[in-house]
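Trainee: The following block contains a protein sequence and its predicted model.
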Amino acid sequence: MTTITRLGTPDERVRIRAYTRSVTNLGIALGTVFAGFALAINTRQAYQVMLLLDAVTFLGAAFVFHRLPYIQPTIERGEPFSFAAMKDKVFLTATFLNGIMSFHFVLQNVAIPLWVVKETNAPRWWVSIILLVNTICVIFFQVRFSRGSGDVRNGARQFQRAGLAVAVACLLYSLSAGVSTILACSLLVVAMLVHVYGELVGSVGSWSIGFGLADEKHQGQYQGVYSLSWGVGGTVGPAFVTAMAITLGKQGWIYMAIMFAVTGVLMNQLIQRTR
């Protein structure tokens, strides 16, 4: 993230980040396919070969990163650490709200698969279908959604739209329980399409906010603090979304819908009032 801030203008930063996310999802998709070959062969040698090939790809990535231009530091050698990001109350509030919104990523990986298997009449393999829909949409549309989104105020509005979209998706997921197989499958796909729209605009909005609120001289420190929001979401999120979706059922999905919608509104209000 810090490298991106030094390579591009505010408008270009979000677009560069969108490209990296699209490529990351493409890599995950291709990696899953190749891993499938090893699983299909299911021998010790097949797994060893796959791990060795994976090691080669990391060496290739290291070579590409080594070719990046040298970036001058923004602070002087020996300059004391300022804790500027930790003293920025607006930025810390935005980081907290982004952490809450990041729970929707955990929904995809934890709650939705459990929900499909335990609470709906959709076949188990339908989990792969709806996650494939998500991956394809991110690969093809993340860059397109990043256009004209470098402004932090515009990013806040996109963040609010993301909260509303994910809220609607939560309600649609909840409706897939207790209905016929065909209806459940249809609702799950529609819910994921709405969800991935929220993911696309929410990611762009989040990047715009993270870049835009940061002090240019301390981008590394600010981006480090902002990344804590994803870390906290990944740590606390699985237990939270499981309790909401599986323990509470439909009522839990409604609670999460309210949470995501309110979080988006609060982030937008925070940015519009302070910038």
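Mentor: Thanks, I have it.
Trainee: which residues touch Ser206?
Mentor: For Ser206, the contact set (C-beta atoms under 8 Å, 6 or more residues apart in numbering) comprises 98, 101, 155, 159. (Each C-beta comes from the backbone N, C-alpha and C, glycine too.)
Trainee: Could I get the contacting residues of the first one?
Mentor: Right, the one you point to is Asn98. Applying C-beta under 8 Å, 6+ apart to Asn98 gives the contacts 206, 209-210, 226, 229-230, 267.
Trainee: try 7 Å this time
Mentor: By C-beta atoms under 7 Å, 6 or more residues apart in numbering, the contact set of Asn98 is 206, 229.
Trainee: begin at 28 from here
Mentor: New numbering, starting at 28: the last item is Asn125.
Trainee: what are the C-alpha coordinates of the helix or strand harbouring it, in CSV please?
Mentor: Element membership for Asn125, per DSSP states H and E: helix 116-128. Taking Å, rounded to 0.1, in the frame of the first residue of the first chain, the C-alpha atoms of helix 116-128 are listed here in CSV:
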residue,chain,number,x,y,z
LYS,A,116,-8.8,10.5,15.9
VAL,A,117,-10.6,10.8,12.6
PHE,A,118,-8.3,8.2,11.0
LEU,A,119,-8.6,5.8,13.9
THR,A,120,-12.4,6.1,13.7
ALA,A,121,-12.3,5.4,10.0
THR,A,122,-10.0,2.4,10.7
PHE,A,123,-12.5,1.0,13.3
LEU,A,124,-15.5,1.4,10.9
ASN,A,125,-13.5,-0.2,8.1
GLY,A,126,-12.8,-3.1,10.4
ILE,A,127,-16.5,-3.6,11.0
MET,A,128,-17.3,-3.5,7.3
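Trainee: now that helix, how far from the centre of its chain.
Mentor: Taking C-alpha atoms, centre = their mean, to the nearest Å, one finds the center of helix 116-128 at 15 Å from the center of the full chain.
Trainee: circling back to that earlier point, out of the contacts of Ser233, grab the one that's most surrounded.
Mentor: Phe186 (30 neighbours; other C-beta atoms under 10 Å).
Trainee: In this structure it contacts Val231, no?
Mentor: No - under the criterion of C-beta atoms under 7 Å, Phe186 makes no contact with Val231, lying 8.7 Å away.
Trainee: For the stretch 78-227 of the chain, give me the ranges with low pLDDT.
Mentor: 175-177 (pLDDT under 70).
Trainee: Helices along that one, start to end?
Mentor: Using DSSP state H, counting those that start in this stretch, the helices of the stretch 78-227 of the chain run over 111-114, 116-128, 130-133, 139-146, 153-172, 179-202, 208-239.
Trainee: Please convert the ones you listed to JSON lines, extending it with distance to Tyr282.
Mentor: Shown next, in JSON lines, are these (distance: least, C-beta to C-beta, whole Å):
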{"stretch": "helix 111-114", "distance to Tyr282": "31"}
{"stretch": "helix 116-128", "distance to Tyr282": "13"}
{"stretch": "helix 130-133", "distance to Tyr282": "12"}
{"stretch": "helix 139-146", "distance to Tyr282": "14"}
{"stretch": "helix 153-172", "distance to Tyr282": "22"}
{"stretch": "helix 179-202", "distance to Tyr282": "9"}
{"stretch": "helix 208-239", "distance to Tyr282": "17"}
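Trainee: wait, which of these is closest to Phe267?
Mentor: With C-beta to C-beta, the closest approach to Phe267 among these belongs to helix 130-133: 6.5 Å.
Trainee: which helices and strands does the closest one pack with?
Mentor: The contact analysis (3 or more C-beta pairs under 7 Å, 6 or more residues apart in numbering; DSSP states H and E) places helix 130-133 against helix 246-269.
Trainee: Which two among the contacts of Ser233 are spaced furthest apart?
Mentor: Met128 and Gly182 (12.5 Å).
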